[in-house]
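Visitor: Dropping a prediction and its sequence here:
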Amino acid sequence: MLAHLLRLAGIETIVLEARTRDYCETRIRAGLMEQGSVDLMEEVGATERLHREALVHGGIYLRFNGRSHRIDIHGTTGRSMYIYGQQEIVKDLIALQLAAGGDIRFECSDVSIDGLDSDRPTLRYVDAAGDETRVTCDFVAGCDGFHGMSRPAIPESVLQTYDRQYPFAWLGILSESPPLDPELVYAHHPDGFALFTMRSNTMSRLYLQVAVDEDIANWSDDRIWSELHHRLEGEETPPLIEGPVLQKSILPMRSFMTVPMRFRRLFLAGDSAHIVPPTGAKGMNLALADVAVLARAFETFYATGSEHKLDAYSATALRRAWGAARFSWWMTSLTHVFNDRLAFDNMAQLSELHYITSSRAGAETLAEQYVGLPIER
Ligand SMILES: Cc1cc2nc3c(=O)[nH]c(=O)nc-3n(C[C@H](O)[C@H](O)[C@H](O)COP(=O)(O)OP(=O)(O)OC[C@H]3O[C@@H](n4cnc5c(N)ncnc54)[C@H](O)[C@@H]3O)c2cc1C
């Protein structure tokens, strides 16, 4: 997305990617886009397939005490969410960038940065053919995810990190089965949180809260379906339709923030700077918002020579990132069973869920953050 926004501003980029194109295009991760993310796709002209295939959602269900309650997000905010897989976004952006003559280099290994102290940092890497290669540039955007090389390239003394690990994980499955409901269902249940989401009208994605050290080998497909029926169904809901499980995995839950998001000519964006638990569906949307802010800062620099937006990047991006981190932590705290909590805490969760689903102010607070606040650029 950053490469697209910069190309449209006439700024040349080179994208170095560690994986193959096929791997990037089939890596299944996020599936819910905020309206602001769709607006960015629109801005770069990448929505042709998205508008044809995405499912548009105007609300979510919160389920507790055996009943589902709808939060009318579109009615409250005038904005919608879009169900469109991250791998589909990646596919669309890669195809468009290559068609426009953009330079994306796949299968780059041993990437490292030299000369961050200078005005012209250099990236060294081994290309797909095994040749050592260098790229010298004005700026480096560290968009290489949580395990990338950008954040570790910044001296530890410069960075402050904030880490919160949660005492549970999510077991996620991708199932070839139609949705339980046309919208997402977040279920608070005494035996643990469950989430129903979908990728399309024939593909469902479902999650169960499990122990933090859970072994996937302990979860047969039958056991997973039985637990999903138990946590997601009620008398007033249609039964969950089972289908072949195409993929299953355990996801750890973590909040991690890096401050600042810049060191000299290196700018961190997305998961390289922060990760959030997936409960609020924020990770991918936050990565897109970061690069929207960063692109505007580069545009201003190249158009006017002024560095004021580059200097403001970290603070601007972090304001939004902390908002998303807080919201994701809050959604997680509201809906999961914490073993170290007292029965009192469970009753407080239920009371808050009741407040959100019965008060306009409560519903609005959730709705405007869930659908995504405007991107400050
Ligand atoms: C299993 C899983 C499920 C998820 N589910 C959800 C969800 O449901 N909702 C949600 O909002 N978010 C979800 N997320 C989070 C979301 O996918 C991320 O927040 C998002 O991908 C961040 O985008 P990014 O571009 O910052 O990083 P990434 O998407 O991780 O992209 C970084 C890229 O850099 C490449 N790279 C890494 N190291 C190097 C290197 N040294 N040199 C060159 N290239 C490198 C990687 O191959 C990758 O292509 C999930 C994440 C995971 C792992």
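Guide: Done, it's in.
Visitor: Show me the shaky parts of this structure.
Guide: For the chain, the stretches with pLDDT under 70 are 340-341.
Visitor: Relative to the ligand, which residue of it is the closest?
Guide: Relative to the ligand, the nearest point of the chain is G270 (2.1 Å; Cβ to the nearest ligand atom). Backbone N, C-alpha and C define where each C-beta goes, glycine included.
Visitor: tally of neighbours for that residue?
Guide: 28 (other Cβ atoms under 10 Å).
Visitor: Quick check: nearest residue in space to it, chain neighbours excluded?
Guide: Closest residue in space to G270, ignoring its immediate chain neighbours: A287 at 3.0 Å, by Cβ to Cβ, 6 or more residues apart in numbering.
Visitor: go on, V140?
Guide: Nearest non-adjacent residue to V140, counting by Cβ to Cβ, 6+ apart: L266, 4.8 Å away.
Visitor: Do I have it right that the one you found meets L116?
Guide: Yes - counting by Cβ atoms under 8 Å, L116 is a contact partner of L266 at 5.7 Å.
Visitor: who are the neighbours in contact with G270?
Guide: Contacts of G270 were listed using Cβ atoms under 8 Å, 6 or more residues apart in numbering, and they are C143, G145, L286, A287, D290, V291.
Visitor: what do you get for T357?
Guide: T357 neighbours (Cβ under 8 Å, 6+ apart): L62, H69, I71, A363.
Visitor: at 6 Å instead, please
Guide: Residues in contact with T357 (Cβ atoms under 6 Å, 6 or more residues apart in numbering) are L62, H69.
Visitor: So that it lines up with my notes, have the first residue be 271 from now on.
Guide: Yep, numbering from 271; the last one is T627 now.
Visitor: tell me the secondary structure for it?
Guide: Counting by DSSP: H, G, I helix; E, B strand; the rest coil, the backbone at T627 sits in helix.
Visitor: Determine the number of other residues adjacent to the residue nearest to G328 when sequence neighbours are not counted.
Guide: Leaving out its chain neighbours, the residue that sits closest to G328 by Cβ to Cβ, 6+ apart is H344, at 3.3 Å. Neighbour count of H344, defined by other Cβ under 10 Å: 16.
Visitor: my guess is H344 contacts V326, does it?
Guide: No - using Cβ atoms under 6 Å, H344 is not in contact with V326; the gap is 8.7 Å.
Visitor: Give me the common contacts of these two.
Guide: Contacts common to H344 and V326, judged by Cβ under 6 Å, 6+ apart, are S350.
Visitor: Quick one: distance of the longest helix along the chain to the chain centre.
Guide: Using DSSP state H, we find that the single longest helix of the chain is helix 578-605. Once both centres are worked out by Cα atoms, centre = their mean, to the nearest Å, helix 578-605 turns out to sit 13 Å from its chain's centre.
Visitor: For it, list every residue counted as buried.
Guide: Applying a neighbour-count criterion of 16 or more other Cβ atoms under 10 Å, one finds 579-580, 583-584, 586-588, 590-591, 594-595, 597-605 buried in helix 578-605.
Visitor: With stretch 453-471 instead?
Guide: 453-459, 462-470.
Visitor: same question, stretch 325-337
Guide: L325, H327, G328, G329, I330, Y331, L332, R333, F334.
Visitor: Roughly how far does the second one sit from H344?
Guide: Here the criterion is Cβ to Cβ, to the nearest Å. By it, H327 lies 8 Å from H344.
Visitor: so what's Q479 up against?
Guide: F438, G462, F463, H606.
Visitor: Return the subset of these lying in strands.
Guide: F438 (DSSP state E).
Visitor: Kindly report the residues of the stretch 521-647 of the chain close to the ligand.
Guide: By the rule Cβ under 6 Å from any ligand atom, the part of the stretch 521-647 of the chain lying against the ligand is L521, G540, D541, P548, A551, K552, G553, M554, N555, A557.
Visitor: redo that, cut-off 5 Å
Guide: Proximity of the stretch 521-647 of the chain to the ligand, by Cβ under 5 Å from any ligand atom, involves residues G540, D541, P548, A551, G553, M554, A557.
Visitor: ok, and the most crowded of the residues you listed?
Guide: G540 (28 neighbours).
Visitor: That residue and N555, how far apart?
Guide: Distance, G540 to N555, using Cβ to Cβ: 10 Å.
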